[in-house]
Every structure is written in structure tokens, then in C-alpha cells.
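[1] Sharing a model prediction with you, sequence too.
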Amino acid sequence: MTTPGTYRESDETEVSAADASAAWVVEARPALERVAAKYQATITYKELAEAVQSASGIRTRKLVQNWVGAVLSVVARDCHAAGEPLLSALCVRADGTVGPGYVASIVELTGDEAPEDPDMHAAHQRLECYRRFGATMPADGGKATLTPKITAARARARKLATVALKEESRPICPTCFLMLPVTGQCDNCA
């Protein structure tokens, strides 16, 4: 007998998508609150998926990206309705960014335009989560920070942009139209 796509771990009986999602939502909130209890902590979609499946005893063969966003969306709606910061902001992709589902939730919940910088929006929400859910905060009260991976990626992008800008500003040889080296003498024409 083949195990169904979504099933109860204990006896491998099939579980409907709606029942599985409801069970995962119940487990997602405490998992996210545990993350929020540690300043600057985040959890990946994959880690959250494993946590909710393990805690609920309901597993699925579906790809994480095909179901975890719906779970986070319900958690975000519940947080918004309770006047709480969005626990869903704590959940990031492997590259440290929030997914498109986070942006869709913000638009749905606030009725506003999508944030210009969704990752910074999430950083502010995470800071409020840390404060609300008992993280030990630094003496200055903490600050909204991007994940280390985003910070590193943006630093690399700035560095590459600076290098490209410097190269664009170098003179061109009037004879062969190649960019002149730092010496100012064309290697091709000299």
C-alpha cells in the first residue's frame, strides 16, 4: 500500500489538505513564538515546515513552497487581528529574504501598496516580535536589522556597483575605443 500525499505519521492514514493546514497553523504560532523569544533569530520555511509537521504528526510529500505560505498567511491574519506584530516576518527563505507571500499578506492586511523594501518591513516586524514575545533585548532596545545573508548580499552588490561605476568613469582610447588602463596609455595602440 502506498502512503498518501498528506498523512498521519502514526498510522499513515490520509489527511485532507484542509485538516492538515489547520493542524499546521495551530503548531506554527508556538514555533514562531519560540523564534521570537531570541533577539535577531529567524527560521527558514524548511525549518518551520519540519517543526509543524513534527509537532502535529501530519506529514506531506508536497513541496514546502506549495503549502507553508498558506499556513503563514493564516498566522499573519491572526496576528493582525490581535493587534500583534506579524510572526510570519520571522520566517525567511534560505537566502534570508522574505517570500512573495509575505508581501501579499501585507497588502491584504493593510490595504496599502506593497512595501518598497519588503525585507526591511519584515525587519521592523521582527523587532516588534522580539519585544513582544520576550526576547532578551540589548540595552539600547535593539534595532530592526536585515538577516545576515541579506546584509552580506547587499554589501556585495554595493561593492560591485562601485567597481562598475569606477570602470565606467575611466577614459577611452580615441583611436581604438578601448577603456584605457590606469596608466592612461593604451596597451593596444602604444
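    Cool, the structure landed.

[2] Can you name the residues in contact with the one helix or strand in the chain whose mean pLDDT sits lowest?
    Every helix and strand of the chain was ranked by mean pLDDT, DSSP states H and E. The lowest is helix 148-168, at a mean of 83. Helix 148-168 has contacts (C-beta atoms under 8 Å, 6 or more residues apart in numbering) with Asp95, Gly96, Thr97, Asp119, Thr145, Leu146, Met179. To be clear about C-beta, it is placed using only N, CA and C from the backbone, and glycine gets the same treatment.

[3] try stretch 116-129
    32, 36, 40, 42, 85-87, 89-90, 92, 96-98, 102-103, 106, 115, 142-147, 150.

[4] try it again with 7 Å
    Applying C-beta atoms under 7 Å, 6 or more residues apart in numbering, the contact partners of stretch 116-129 are 36, 85-87, 89-90, 97-98, 102-103, 106, 115, 142-146, 150.

[5] With neighbour count and distance to Thr136 as extra columns, can I get the contacts of helix 148-168 in a markdown table?
    Below are those laid out as a markdown table (neighbours: other C-beta atoms under 10 Å; distance: C-beta to C-beta, whole Å):
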| residue | neighbour count | distance to Thr136 |
| --- | --- | --- |
| Asp95 | 10 | 27 |
| Gly96 | 17 | 22 |
| Thr97 | 17 | 26 |
| Asp119 | 18 | 24 |
| Thr145 | 15 | 16 |
| Leu146 | 19 | 21 |
| Met179 | 11 | 53 |
